[in-house]
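A.B. asks: Sequence and computational prediction follow.
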Amino acid sequence: MTRDRRAMVVVAMVVGASALTAGALVRASQGRQGAATARPLPRMDTPLVVCGADGSLPAPIAPSRETVALAGDSRGFMPCPAGPHAPSHREVRERAALAAAASSADPELRRRAAAAYGRLADPAAVALLKDGALADGALIALLSDPDSRVRREAASAIGDALAGARPEPRNAGSPSAAGPNDIAHGRAALDVRLAKESDADVAAVILETIGRLRYPDDAARNAAEAVLVAASRGEAGRMLGAAKGLEALIRQSPKRPIGVEARSRLREMAVSADAPVRVRRLALLALAAARDDHDLTLVAAGLDGDWQVRRLVALRIDFNRETHRATGARLAQDRVFQVRYEMVGAMARHAATSQQCLPLVAMFDDPEPTVALRAIDLLPDSCPDKRDIVGRLVQWAGEIGRPDSHVRWHRPAHAYQALARIGPDVARGVSEAAEAHPAWQVRAAAAAVSATLKDADRLERLAGDREPNVRTAALDGLRRMASPVAARAAVAALESDDYQLLRAAAITLRGARAADREPAIKALFGALFRVSARLSDTSRDPRVAILERLEELLPADRALEVLPFTGDFDRAVREVATRIITTKAGKTPLPDDLRERYPYQPGRADLAGLPSVATIQMEGGGTITLELLGAEAPLTVARFAELARLGYYDDLTFHRVVPNFVIQGGSPGANEYVGAPRYMRDEVGTVPHLRGAVGISTRGRDTGDAQIFIDLIDLPRLDHDYTVFARVMSGMEVVDRILEGARIARVTVK
């Protein structure tokens with residue numbers, strides 16, 4: 001901590017009694033922008049706002065497609081305490097704009113108002129308390145709109161508003177979470193609308209929403225299940241909605257036994273030639289969530305013409321069951337590699353119990369790299385004859401030293417890590433080349449192997465690597481080994497500006513020895529003040545981790561040193577800092593004003609001229625063309641387009657590749673914790689996570705940092721939690737074969 005900051009803390013200690021003020025200290029500690037990064041960034045000018053000082057917007061706000069989107073994105077932001085608010089307050093003006101849009105003659109404005117109400121996650125949009133009784137809110141009114149698009153959006157938004165997740169910030173003025181009465185009121189409105197709904201698409205969304213409501217007990221869930229089972233025998237559109245509802249209902253409460261009729265109907269839909277392909281997929285997912293591996297259903301579905309259905313069967317294959325073996329053997333030779341990929345898991349489970357490893361080893365030769373790599377990764381340690389296996393792994397791992405291994409490093413790195421388990425003495429002979437490898441992913445593998453081999457010396461060297469991701473892997477290894485050098489390496493890592501590494505360093509210092517505590521505290525405070533000065537939303541995770549470590553290590557008589565952070569702009573940071581002072585110093589810190597930052601938002605002009613197409617050009621060839629969904633996720637499209645035009649994504653990588661799930665990229669640090677400095681608000685809605693959907697990665701509600709992901713399969717469990725802002729129009733064959741570290745040459749929009 002610098003001398004002037006120590007002086008401010010001393011003053012606060014003298015002045016503070018049972019109540020402390022922190023607003024002035026926060027303004028001092030956050031008054032400058034951090035060091036500029038070499039990568040182009042969007043503007044950072046969204047101000048911190050004090051209650052009553054938010055008069056920059058016109059009053060009233062004229063409802064338009066742009067202003068409605070912006071009002072919904074701000075989530076009824078309330079930097080002020082609960083109570084009456086003047087018409088000049090921003091949140092009051094935005095709510096008025098939404099109300100005007102909801103009653104507009106323009107159906108598109110009404111549709112967008114419905115989506116905005118859902119994104120506000122306010123149960124009052126569904127049910128209002130009037131004269132001691134619940135009355136219909138704006139969304140229930142829109143559920144009867146003459147336009148089917150509005151009704152569809154309203155039905156989905158009711159589910160969002162009653163989902164139970166609360167928006168941030170959770171201040172005194174924020175709406176409360178939905179209670180059982182709110183859910184019952186919303187459910188009753190959905191039932192009434194469903195009984196008279198003539199549009200199949202609207203009915204489908206209503207049924208899905210009935211399935212995904214957070215019911216208070218199994219009786220309510222059983223009632224919803226009965227409605228969905230009955231609706232599943234209707235036309236194709238209603239059947240799809242019922243299948244989505246059943247999958248969501250069962251997934252959310254997997255311990256609840258499903259009814260006999262529901263089980264029978266799901267088995268029937270999973271194999272019915274008359275059921276749409278998405279219904280068959282959803283039925284199998286619901287059965288899997290219910291742990292139903294009905295033999296005849298799996299055998300029949302294993303012959304389905306849709307590879308996603310066959311993939312779901314492969315996930316449930318158990319070679320210990322005689323009735324599964326023929327289906328499993330056929331799927332292991334499936335023409336679609338995504339099915340074979342899942343069969344590797346079934347074969348590995350069987351090999352671990354039977355010690356019959358040859359079928360799994362045969363998958364080493366699969367022509368698709370992801371399948372072969374998974375076979376290497378899942379090879380059990382217990383295979384009886386390891387000589388031939390080790391010989392092949394040694395041959396591949398030895399390629400780490402070849403001149404072209406900086407490009408073709410995937411199989412050598414995976415073989416090297418498998419050797420650490422199966423032939424550790426041989427793996428040691430590869431570690432030197434791996435430690436010096438030009439690809440950081442191989443050096444990170446060297447750190448993981450060194451932890452397995454208890455090679456503390458190598459881990460200590462890798463903890464000083466030039467690449468933060470390697471240092472993170474090395475710190476993790478030192479921590480798991482309880483190495484005496486772990487604390488020293490963590491203190492050194494706190495000089496970094498990589499958020500993932502800072503978080504890992506704070507975690508590594510857990511339980512630090514007495515001799516290491518003072519250097520650790522000094523380094524933790526240095527990192528905390530340095531990073532906080534940048535006003536980056538995405539610094540939340542490392543700053544919370546640092547404060548939690550200070551909570552453990554800081555003596556009680558120094559608790560007030562975290563006082564500046566009790567008035568931080570980030571709620572999570574404030575909560576931990578406040579807890580430290582309250583528990584250690586016995587004081588209740590009260591900021592002199594409640595300062596919040598309004599969400600980062602594009603300008604209205606940006607929303608009025610959104611691009612419709614984006615192109616991702618991969619290094620070395622391959623183009624992915626995206627359709628941008630400006631009508632469904634306008635703010636996300638605007639943010640993505642802004643970054644693309646700045647060249648933000650150029651030369652970044654897809655750092656996370658999970659076959660049969662997603663590929664994720666767009667991080668300047670090639671990890672989960674480094675992205676653009678301002679959070680993006682979620683824009684969930686009616687667009688589902690089908691194969692080829694493009695979403696925004698988050699680490700909790702409204703925490704998108706501009707990293708994108710592409711769905712490799714249908715992923716209904718991501719619906720209503722992760723924004724979909726684009727779809728792959730062409731180039732899915734490129735997406736399917738992207739490996740970890742694949743580099744984006746450029747992203748363009750038009």
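C.D. replies: Nice, thanks for sending it over. This one's a predicted model, so the numbers in the text were calculated from it and none came from an experiment. Residues are numbered from 1 along each chain as shown.

A.B. asks: Lowest-scoring secondary structure element of the protein by mean pLDDT?
C.D. replies: Using mean pLDDT, DSSP states H and E, helix 3-15 stands out as the lowest-scoring helix or strand of the chain, at a mean of 35.

A.B. asks: Count the neighbours of Thr698 for me.
C.D. replies: Applying other CB atoms under 10 Å, we find 17 residues neighbouring Thr698. Using the backbone N, CA and C atoms, a C-beta is placed for each residue, glycine as well.

A.B. asks: OK, contacts around it?
C.D. replies: Asp682, Gly704, Asp705, Tyr722 (CB atoms under 8 Å, 6 or more residues apart in numbering).

A.B. asks: would you turn the residues you listed into JSON lines with distance to Val344, secondary structure and neighbour count?
C.D. replies: As requested, the contacts of Thr698 are exported to JSON lines (distance: CB to CB, whole Å; DSSP: H, G, I helix; E, B strand; the rest coil; neighbours: other CB atoms under 10 Å):
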{"residue": "Asp682", "distance to Val344": "34", "secondary structure": "coil", "neighbour count": "28"}
{"residue": "Gly704", "distance to Val344": "32", "secondary structure": "strand", "neighbour count": "28"}
{"residue": "Asp705", "distance to Val344": "33", "secondary structure": "coil", "neighbour count": "23"}
{"residue": "Tyr722", "distance to Val344": "27", "secondary structure": "coil", "neighbour count": "22"}
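
A.B. asks: what's the closest of the residues you listed to Gly118?
C.D. replies: For the contacts of Thr698, the residue nearest Gly118 by CB to CB is Asp682; the value is 10.5 Å.

A.B. asks: I figured the closest one was touching Gly704, is that so?
C.D. replies: Yes: assessed by CB atoms under 8 Å, Asp682 is found in contact with Gly704 at 7.0 Å.

A.B. asks: what is in contact with those two at once?
C.D. replies: Ile696, Thr698, Thr723.

A.B. asks: low-confidence ranges in the chain?
C.D. replies: For the chain, the stretches with pLDDT under 70 are 1-58, 77-84, 164-177, 591-595.

A.B. asks: Can you tell me the SS state at Ala194?
C.D. replies: Not quite, residue 194 is Leu, not Ala. With DSSP: H, G, I helix; E, B strand; the rest coil as the basis, Leu194 sits in helix.

A.B. asks: and what of Phe709?
C.D. replies: Under three-state DSSP, Phe709 falls in the strand class.

A.B. asks: for it, what are its contacts?
C.D. replies: Contacts for Phe709 (CB under 8 Å, 6+ apart) come out as Arg656, Val662, Ile663, Gln664, Gly665, Val694, Gly695, Ile696, Ser697.

A.B. asks: What distance do you get for it to Asp719?
C.D. replies: As for Phe709, its distance to Asp719 is 14 Å (criterion: CB to CB, to the nearest Å).

A.B. asks: Wait, Ala505 touches Leu494, no?
C.D. replies: Yes: contact criterion CB under 8 Å: Ala505 and Leu494 qualify, at 5.0 Å.

A.B. asks: Can you give me the buried ones in stretch 347-366?
C.D. replies: Across stretch 347-366, burial judged by 16 or more other CB atoms under 10 Å covers 347-352, 357, 359-361, 363-364, 366.

A.B. asks: related to what we said a few turns ago, pick the one among the contacts of Phe709 closest to Pro542.
C.D. replies: Relative to Pro542, the closest of these is Ser697; by CB to CB it sits at 17.1 Å.

A.B. asks: which one is that closest one nearest to, not counting chain neighbours?
C.D. replies: Gln707 (4.2 Å; CB to CB, 6 or more residues apart in numbering).

A.B. asks: number of nearby residues for the one you found?
C.D. replies: Neighbourhood size, Gln707 [other CB under 10 Å]: 27.

A.B. asks: you'd agree Trp725 is in a strand?
C.D. replies: That one is not Trp; residue 725 is Phe. Yes: under three-state DSSP, Phe725 falls within a strand.

A.B. asks: Correct me if wrong: it contacts Gly695.
C.D. replies: Yes: in this structure, Phe725 is within contact of Gly695 by CB under 8 Å, at 7.1 Å.

A.B. asks: Pop the domain breakdown of this protein in here.
C.D. replies: Segmentation of the chain into domains, based on automatic domain parsing, reads 1-31+495-504+512-597, 65-273, 293-385, 604-749.

A.B. asks: For Ala444, find the nearest of these.
C.D. replies: Of those, nearest to Ala444 by CB to CB is domain 604-749, at 10.2 Å.

A.B. asks: Show the end-to-end separation of the closest one, please.
C.D. replies: One end of domain 604-749 sits 18 Å from the other (CA to CA, to the nearest Å).

A.B. asks: Distance of Asp182 relative to Arg746?
C.D. replies: Relative to Arg746, and taking CB to CB, Asp182 is found at 47 Å.

A.B. asks: Of those two, give the one with the bigger neighbour count.
C.D. replies: Using other CB under 10 Å as the criterion, Asp182 and Arg746 rank with Asp182 on top: 23 against 14.

A.B. asks: Tell me if I'm right that that one and Leu162 touch.
C.D. replies: Yes: judged on CB under 8 Å, Asp182 makes contact with Leu162 at a distance of 6.0 Å.

A.B. asks: Which parts of the stretch 651-750 of the chain are helices?
C.D. replies: Counting by DSSP state H, counting those that start in this stretch, the stretch 651-750 of the chain has these helices, from start to end: 732-736.

A.B. asks: who's in contact with Tyr679?
C.D. replies: Residues near Tyr679 by CB under 8 Å, 6+ apart: Asp537, Thr538, Pro599, Tyr600, Asp702, Thr703, Gly704, Asp705.

A.B. asks: And it, how close does it get to Arg571?
C.D. replies: 12 Å.

A.B. asks: Likewise for Ala605?
C.D. replies: Ala605 is 31 Å from Arg571, by CB to CB.

A.B. asks: Of these two, which one has the most company?
C.D. replies: Between Ala605 and Arg571, counting by other CB under 10 Å, Arg571 is the more crowded of the two (13 against 9).

A.B. asks: What's the local residue count around Val344?
C.D. replies: Neighbours of Val344 using other CB under 10 Å come to 26.

A.B. asks: His406 too?
C.D. replies: 12.

A.B. asks: Same question for Val229.
C.D. replies: 20.

A.B. asks: Surely it touches Arg263?
C.D. replies: No: taking contacts as CB under 8 Å, Val229 lies outside contact range of Arg263: 9.7 Å.

A.B. asks: anything in contact with each of the two?
C.D. replies: Contacts common to Val229 and Arg263, judged by CB under 8 Å, 6+ apart, are absent.

A.B. asks: which stretches of the stretch 551-700 of the chain form strands?
C.D. replies: With DSSP state E, counting those that start in this stretch as the criterion, the stretch 551-700 of the chain has strands at 588-589, 596-597, 613-618, 623-628, 653-654, 656-658, 662-665, 693-696.

A.B. asks: Save the ones you listed as JSON lines, and put in distance to Gln395 and mean neighbour count too.
C.D. replies: What follows is these, written out as JSON lines (distance: least, CB to CB, whole Å; neighbours: other CB atoms under 10 Å):
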{"stretch": "strand 588-589", "distance to Gln395": "62", "mean neighbour count": "20"}
{"stretch": "strand 596-597", "distance to Gln395": "55", "mean neighbour count": "20"}
{"stretch": "strand 613-618", "distance to Gln395": "29", "mean neighbour count": "19"}
{"stretch": "strand 623-628", "distance to Gln395": "34", "mean neighbour count": "20"}
{"stretch": "strand 653-654", "distance to Gln395": "28", "mean neighbour count": "22"}
{"stretch": "strand 656-658", "distance to Gln395": "24", "mean neighbour count": "16"}
{"stretch": "strand 662-665", "distance to Gln395": "29", "mean neighbour count": "22"}
{"stretch": "strand 693-696", "distance to Gln395": "39", "mean neighbour count": "26"}
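
A.B. asks: okay if I get those strands as TSV plus distance to Phe525?
C.D. replies: Formatted as TSV, those follow (distance: least, CB to CB, whole Å):
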stretch	distance to Phe525
strand 588-589	17
strand 596-597	23
strand 613-618	41
strand 623-628	44
strand 653-654	33
strand 656-658	32
strand 662-665	33
strand 693-696	33
